[in-house]
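[1] Following is a predicted model, sequence given first.
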Amino acid sequence: MVRALLGSLPHYLESDPPRAAQIRTAVQRGLSSYLEQRRIVRENPRVVAFMDYTCWGSSYGVFLLTAVYDHFEAGHFDPGRHTLGRVRTELHAMADDLVRIQQANGGWSYYLSGQVGGEATVAAMSFTTATVLKALQLAEQREFELDAEVLARGRRVLQAMRGSNQAFEYLRMGVSLAPAGEVEILGGAARGPLCAHALVEGGVLQPADMVLPFQRYVEHLHTYGDQSRRALMHCGPETQGSHYLTYDYCTAAEALAAFDAEVISDALRAEVREETLRQLARCHSADGSFIDNPLIGPAAGTGLALQALLALQEAPPRK
């Protein structure tokens with residue numbers, strides 16, 4: 001949510017300075033609260049069983065804290081020297097977390113084991129791996145010392161999970177990097193833009209390889225939107241889940257914003273934008289918040305939805 005507020009700040013700096021001041025105050029309060037929460041978590045580590053969500057928490061922490069630096073350097077927001085020091089320390093600690101939990105096959109996953117205290121399973125999830133790769137690249141740009149092989153191993157397993165039909169596997173168990181072969185398209189349509197974008201950023205794929213994932217995204221996204229506001233997860237026709245909807249919309253919107261008309265035609269861009277907005281509307285509540293899965297609640301859904309909306313603004317895309 002704080003990252004989304006930061007993203008909206010430039011719009012108000014000239015058009016509505018009082019509103020911008022309110023946003024700055026909210027960002028400062030949210031950032032201070034977040035850093036304090038991170039201090040408490042680090043001083044009181046918890047035992048994890050079944051699932052370890054460090055890959056998510058630390059990735060999105062890196063996204064937030066690098067955004068703080070970006071807006072500070074652009075002159076939009078000044079958190080103060082002391083807070084900036086805490087931001088840098090925590091950013092590097094989170095990047096360390098991500099390196100530490102890299103799986104033996106090179107990827108990242110939140111699944112540990114089917115038993116409490118059971119031996120952790122080697123696993124890689126395509127969309128999780130893509131998210132961590134993007135976070136580590138941002139951390140490296142902020143002077144985090146990263147062994148190049150960490151990113152290389154992550155890209156190799158993600159490339160192996162890209163099927164012969166260019167769809168991405170959900171999960172890869174074990175250490176094998178054998179090619180995925182034919183992958184079910186419908187179930188992977190929403191994660192395609194994110195995963196392909198991570199490989200384009202890593203120099204593994206070419207920008208032109210983004211077209212087909214976006215075409216499939218548009219064609220099949222309604223099967224994801226049909227799961228909105230349902231408490232049960234993985235109940236779509238190909239296990240589409242209600243708990244990832246705003247994440248899928250956000251990551252696709254951010255990937256779309258990264259390419260100009262030479263890569264993504266105006267017609268396809270309009271289709272992606274319209275379909276994403278259509279499915280976001282199904283998560284929109286009367287109070288203005290967004291919910292994909294009611295058990296997760298509005299905070300994460302609203303933050304991701306706002307990030308998606310910011311990325312979908314009709315402005316010249318970044319090159």
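    Ah, there it is.
[2] shaky segments in this protein?
    When residues are selected by pLDDT under 70, those of the chain lie in 117-118, 314-319.
[3] where along it do the helices fall?
    2-15, 17-43, 54-73, 81-100, 126-141, 148-160, 185-188, 192-201, 211-225, 245-257, 266-281, 298-311 (DSSP state H).
[4] quick one: which of those is nearest T239?
    helix 185-188 (5.8 Å; CB to CB). Glycine gets a C-beta too; all of them are placed from N, C-alpha and C.
[5] centre of the chain versus that closest one, how much separation?
    18 Å (CA atoms, centre = their mean, to the nearest Å).
[6] returning to that earlier point: generate a markdown table for the helices of the chain, with distance to S176 and mean neighbour count as supplementary columns.
    Below are the helices of the chain laid out as a markdown table (distance: least, CB to CB, whole Å; neighbours: other CB atoms under 10 Å):
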| stretch | distance to S176 | mean neighbour count |
| --- | --- | --- |
| helix 2-15 | 36 | 17 |
| helix 17-43 | 34 | 14 |
| helix 54-73 | 20 | 20 |
| helix 81-100 | 22 | 17 |
| helix 126-141 | 15 | 23 |
| helix 148-160 | 8 | 19 |
| helix 185-188 | 19 | 21 |
| helix 192-201 | 18 | 24 |
| helix 211-225 | 24 | 20 |
| helix 245-257 | 26 | 25 |
| helix 266-281 | 33 | 17 |
| helix 298-311 | 32 | 22 |
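[7] For the chain, identify the residue most remote from the centre.
    P18 (30.8 Å; CA atoms, centre = their mean).
[8] I'd say R230 and Q240 touch.
    No: with contact defined as CB atoms under 8 Å, R230 does not count as touching Q240 (10.2 Å).
[9] Please say which of these two ends up with more neighbours.
    A direct count of neighbours by other CB atoms under 10 Å for R230 and Q240 places Q240 higher, at 24 against 17.
[10] Not counting sequence-adjacent ones, nearest residue to that one?
    Y224 (4.8 Å; CB to CB, 6 or more residues apart in numbering).
[11] same thing with F144?
    Using CB to CB, 6+ apart, the closest residue to F144 is A95 (4.6 Å).
[12] ok so, going back, with distance to I291 added, can I get the helices of the chain in TSV?
    Output for those, formatted as TSV (distance: least, CB to CB, whole Å):
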stretch	distance to I291
helix 2-15	15
helix 17-43	20
helix 54-73	18
helix 81-100	27
helix 126-141	20
helix 148-160	30
helix 185-188	23
helix 192-201	21
helix 211-225	13
helix 245-257	8
helix 266-281	11
helix 298-311	5
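[13] do you know which of the ones you listed lies nearest L171?
    Closest among the helices of the chain, once you apply CB to CB, is helix 126-141, at 7.7 Å.
[14] For the closest one, C-alpha coordinates in PDB please.
    Extracted C-alpha coordinates of helix 126-141, given in PDB (Å, rounded to 0.1, in the frame of the first residue of the first chain):
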ATOM      1  CA  SER A 126       7.700 -20.000 -11.900                       C
ATOM      2  CA  PHE A 127       5.900 -16.800 -10.900                       C
ATOM      3  CA  THR A 128       7.600 -16.800  -7.500                       C
ATOM      4  CA  THR A 129      11.000 -17.200  -9.100                       C
ATOM      5  CA  ALA A 130      10.300 -14.400 -11.600                       C
ATOM      6  CA  THR A 131       9.300 -12.100  -8.700                       C
ATOM      7  CA  VAL A 132      12.400 -12.800  -6.700                       C
ATOM      8  CA  LEU A 133      14.600 -12.300  -9.800                       C
ATOM      9  CA  LYS A 134      13.100  -8.900 -10.300                       C
ATOM     10  CA  ALA A 135      13.600  -8.000  -6.700                       C
ATOM     11  CA  LEU A 136      17.200  -9.100  -6.600                       C
ATOM     12  CA  GLN A 137      18.000  -7.100  -9.800                       C
ATOM     13  CA  LEU A 138      16.600  -4.000  -8.100                       C
ATOM     14  CA  ALA A 139      18.600  -4.700  -4.900                       C
ATOM     15  CA  GLU A 140      21.800  -5.100  -7.000                       C
ATOM     16  CA  GLN A 141      21.100  -1.700  -8.600                       C
END
